[in-house]
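Chemist: only geometry, no sequence info:
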Ligand SMILES: Nc1ncnc2c1ncn2[C@@H]1O[C@H](COP(=O)(O)OP(=O)(O)OP(=O)(O)O)[C@@H](O)[C@H]1O
């Protein structure tokens, strides 16, 4: 059974539709990321799922239970949802332990049970020793862990996280992302996570839904969206891409100004179709040779990789290399073997089987 099933959802503010006919499924124990530019409706969807915003049209089911429709509107506290926000939303005058206990107080009155459960969840988020501290005595990462413990104490079926890592120092962000991911997976909790950072989305999610003006452009595994985007909006949102003019020669080959390029998967475009071949900077390989078909005209050393700009025939290509190359190098430009992403002319749609 899906942890969340949203069907044909419509949500409006002052009569203006923000989400229109939006559908999304999240599987059991799955982490889904809602990624998109500011104002595209990600938080609006979270609020509708949490029951904080009325739904104009459509259905929301959590673990098979309808939350709305036919006069039904399940209140937020009965949806068995945990929520985590960007600003942690901790009570400054309560200790860590009492902040965490707050998440259980409306469900449980037995003080011994609450105390035991607080200790359990604080241990889960590695804060067992800090229960007596106050929020201002903690780092941003520790405060976010308290917020997570508070959200988890009621054993939610679904966790909603709204930009939970935005205020966390970049040095600790990736570590916290991986810790929280392990925690959710370990506890078997499905989660929906909102961000506008593609790096966070890639690192945290099992699948991601890329939003654009209130609808979803594409949903799938991060690697699939990055390597096989369905259109240029998705391709460009997720990272730098080169577009090379190309004509389909046969079911697995296109002809480009660099010569024929073979695909590891069948192209879904007929021979003779013209369009653009999308190449990520890492899908191009450069080898130094005086007889090369390209010339490196610009380079930037960026630590983990070097950004090279290569002129090849009429093309200007962005390429990532592990090491810097000698200045003004002559290189052979080769497309690394992969399933090509080809956008036929006009449609702007991907044509990979
Ligand atoms: N209470 C409100 N009343 C009227 N319009 C609103 C309200 N809240 C949000 N909006 C509008 O709804 C649209 C979607 O907002 P939403 O907060 O869902 O975007 P978002 O994708 O989460 O953006 P961000 O990444 O900046 O948080 C925006 O145009 C916003 O201005």
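Modeler: Sure, I can see it. All figures in this text were calculated on a predicted structure; none of them were measured in a lab.

Chemist: can you list the weak-confidence ranges in the protein?
Modeler: 108, 347-353 (pLDDT under 70).

Chemist: again, 50 this time
Modeler: Within the chain, the stretches with pLDDT under 50 are 353.

Chemist: show me where it has helices.
Modeler: Using DSSP state H, the helices of the chain run over 42-50, 96-105, 111-124, 140-152, 170-187, 198-204, 222-227, 232-237.

Chemist: Determine which of those helices approaches residue 8 most closely.
Modeler: Set against residue 8 and scored by Cβ to Cβ, the helices of the chain come closest in helix 42-50, at 12.3 Å. The C-beta positions use only the backbone N, C-alpha and C, and glycine is treated the same way.

Chemist: Does anything pack onto the closest one? Which helices or strands?
Modeler: Applying 3 or more Cβ pairs under 8 Å, 6 or more residues apart in numbering; DSSP states H and E, one finds that helix 42-50 makes contact with strand 4-13, strand 16-26, strand 31-35, strand 57-62, strand 81-85, strand 158-162, strand 190-195.

Chemist: how does it look with 7 Å?
Modeler: strand 4-13, strand 16-26, strand 158-162, strand 190-195 (3 or more Cβ pairs under 7 Å, 6 or more residues apart in numbering; DSSP states H and E).

Chemist: Would you tell me which one of these is buried the most?
Modeler: Of all those, strand 190-195 has the most neighbours on average by mean count of other Cβ atoms under 10 Å, namely a mean of 25.

Chemist: got the angle for it vs strand 81-85?
Modeler: 20 degrees (axes from the mean of the first three to the mean of the last three Cα atoms, to 10 degrees).

Chemist: Within its sheet, name the partner strands of strand 190-195 and how each one runs.
Modeler: Sheet pairing of strand 190-195 (DSSP bridges) gives strand 31-35 (parallel), strand 158-162 (parallel).

Chemist: Output the helices of the chain as CSV; include the columns distance to the ligand and mean neighbour count.
Modeler: Listed next are those as CSV, based on distance: least, Cβ to the nearest ligand atom, whole Å; neighbours: other Cβ atoms under 10 Å:
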stretch, distance to the ligand, mean neighbour count
helix 42-50, 3, 22
helix 96-105, 24, 21
helix 111-124, 28, 16
helix 140-152, 17, 23
helix 170-187, 17, 15
helix 198-204, 12, 20
helix 222-227, 18, 17
helix 232-237, 13, 18
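
Chemist: Out of those, flag the one nearest residue 265.
Modeler: Closest approach to residue 265 among these (Cβ to Cβ): helix 222-227, 10.9 Å.

Chemist: returning to that earlier point: possible to save the strands paired with strand 190-195 as a markdown table with distance to residue 194?
Modeler: As requested, these are arranged in a markdown table below (distance: least, Cβ to Cβ, whole Å):
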| stretch | distance to residue 194 |
| --- | --- |
| strand 31-35 | 5 |
| strand 158-162 | 5 |
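
Chemist: Identify whichever of the ones you listed lies nearest to residue 241.
Modeler: Among these, the nearest to residue 241 by Cβ to Cβ is strand 31-35 (16.6 Å).

Chemist: is any part of the closest one close to the ligand?
Modeler: No - in terms of Cβ under 6 Å from any ligand atom, no part of strand 31-35 sits within range of the ligand; the closest distance is 7.8 Å.

Chemist: What angle do helix 170-187 and that strand make with each other?
Modeler: Using the same axes, to 10 degrees: strand 31-35 against helix 170-187 is 140 degrees.

Chemist: How about residue 157: what's its closest non-neighbour residue?
Modeler: Leaving aside its chain neighbours, residue 157 sits nearest to residue 80 (4.6 Å; criterion: Cβ to Cβ, 6 or more residues apart in numbering).

Chemist: so can I have JSON lines of the helices of the chain showing distance to residue 289?
Modeler: Compiled in JSON lines, these are given as follows (distance: least, Cβ to Cβ, whole Å):
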{"stretch": "helix 42-50", "distance to residue 289": "48"}
{"stretch": "helix 96-105", "distance to residue 289": "62"}
{"stretch": "helix 111-124", "distance to residue 289": "56"}
{"stretch": "helix 140-152", "distance to residue 289": "48"}
{"stretch": "helix 170-187", "distance to residue 289": "38"}
{"stretch": "helix 198-204", "distance to residue 289": "34"}
{"stretch": "helix 222-227", "distance to residue 289": "28"}
{"stretch": "helix 232-237", "distance to residue 289": "30"}
